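A.B. asks: I would like to see how this sequence folds:
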Amino acid sequence: MPFIRSNDIVLFYRRAGRRGAPRIVFANSLGTDVAIWDEVANALAADFDLLFYDKRGHGLSEAAPTPRGIRDHADDLVGLLDHVGWQDTMLCGLSVGGLIAMDLAVRAPARITRLVLMDTAAKIGTPDAWNARIDAVLENGVASIGEAIMARWFSPAYRVEQPEAFSGWRRMLERTPAIGYAETCKALRDADLTDAITGISAPTLVIAGESDLSTPPSLVEETARRIPGAVFRIIDGAGHLPCIERPTDVAALVRGFSDMPTQ
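C.D. replies: Numbering: from 1, shown residues only. This is a model prediction of the structure:
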């Protein structure tokens, strides 16, 4: 398994697809690991060079010894890109991964050829809500909030139609280390890129799941309006994780966006 030390954190990463093809790197949401992209990867692998990683405190990656913010998460990703020799890439970020992607697009625009932001926003939630979640997780573990989070992640239809998969994704969430989850919540609590994203220059596609309760489509669209020239799309029948519920639709949008001419 490939591991590297980046920005003083050991990260797990995975490569897929066709080496030398157009590049895409994927940044995950809170409480998830690289597995959420498996079906999207299968749909894109023939035509793209794909890179996935577990952000700090998640999956097989190390947790930070002290609190870190979105900028540190983005610097982790820069170290990974340098390690695999990618000077530039399309970047697809989901939820907190979208904030990581936005921060990188603002601070290192030469590294980002195109930007895909999925079910994310320049500012997500309120300090009070994040602090309550942090306290709950540190006191009782991620499993204590599992039911509430899953209800916000997935559409009602998915829970009924895919009960085994729903159970599996819940286990992924609840196995997230409490310290890694809580520290990422702190990064989300403290992040506000509302003004900064008006300076993003990369062509940008913004995607929202129709039934997302974590970052509702109206919030996602508000972020899209602040990014010059951004294209906004809604995926019907998907919640907060369209890459799981509607991977074919996600892959089609990403593929189509990669082929769009730049102005």
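A.B. asks: just give the nearest non-adjacent residue to Lys123, would you?
C.D. replies: Asp192 (4.6 Å; CB to CB, 6 or more residues apart in numbering). (C-beta placed from N, C-alpha, C; glycine too.)
A.B. asks: wait, that neighbour touches Ala122, no?
C.D. replies: Yes. The criterion here is CB atoms under 8 Å, and Asp192 meets it with Ala122 at 6.9 Å.
A.B. asks: for these two, indicate the residue with more neighbours.
C.D. replies: Neighbours per residue (other CB atoms under 10 Å) separate Asp192 from Ala122, with Ala122 holding more: 23 against 12.
A.B. asks: let's verify that one: helix, strand, or coil?
C.D. replies: coil (DSSP: H, G, I helix; E, B strand; the rest coil).
A.B. asks: list phi and psi for Arg233.
C.D. replies: phi -140, psi 150 (degrees, to the nearest 10).
A.B. asks: which phi and psi values does Ala21 adopt?
C.D. replies: Phi and psi for Ala21, reported as degrees, to the nearest 10, are phi -80, psi 170.
A.B. asks: do Gly98 as well
C.D. replies: Per degrees, to the nearest 10, the backbone of Gly98 is at phi -70, psi -40.
A.B. asks: can you give me the strands in the stretch 51-200 of the chain?
C.D. replies: Taking DSSP state E, counting those that start in this stretch as the criterion, the stretch 51-200 of the chain contains strands spanning 89-94, 112-118.
A.B. asks: contacting residues for Arg255?
C.D. replies: Each residue near Arg255 by CB atoms under 8 Å, 6 or more residues apart in numbering is listed here: Ala43, Leu44, Asp47.
A.B. asks: so what's the residue count around the nearest residue to Arg107 once chain neighbours are set aside?
C.D. replies: Nearest residue to Arg107, sequence neighbours excluded (CB to CB, 6+ apart): Ala74, at 7.0 Å. Residues near Ala74, counting by other CB under 10 Å, number 24.
A.B. asks: would you confirm that Ala74 contacts Leu104?
C.D. replies: Yes. The criterion here is CB under 8 Å, and Ala74 meets it with Leu104 at 4.4 Å.
A.B. asks: low-confidence stretches in the protein?
C.D. replies: 1, 65, 67, 262-263 (pLDDT under 70).
A.B. asks: 90 - rerun?
C.D. replies: Scanning the chain for pLDDT under 90 picks out 1, 7-8, 63-68, 259-263.
A.B. asks: give me the residues contacting the strand or helix carrying Val25.
C.D. replies: Val25 is located in strand 23-27, with elements delineated by DSSP states H and E. Contact with strand 23-27 is made by 34, 37, 40, 44, 48-53, 55, 77, 80-81, 86, 88-94, 96-98, 100-101, 113, 254, 258, as judged by CB under 8 Å, 6+ apart.
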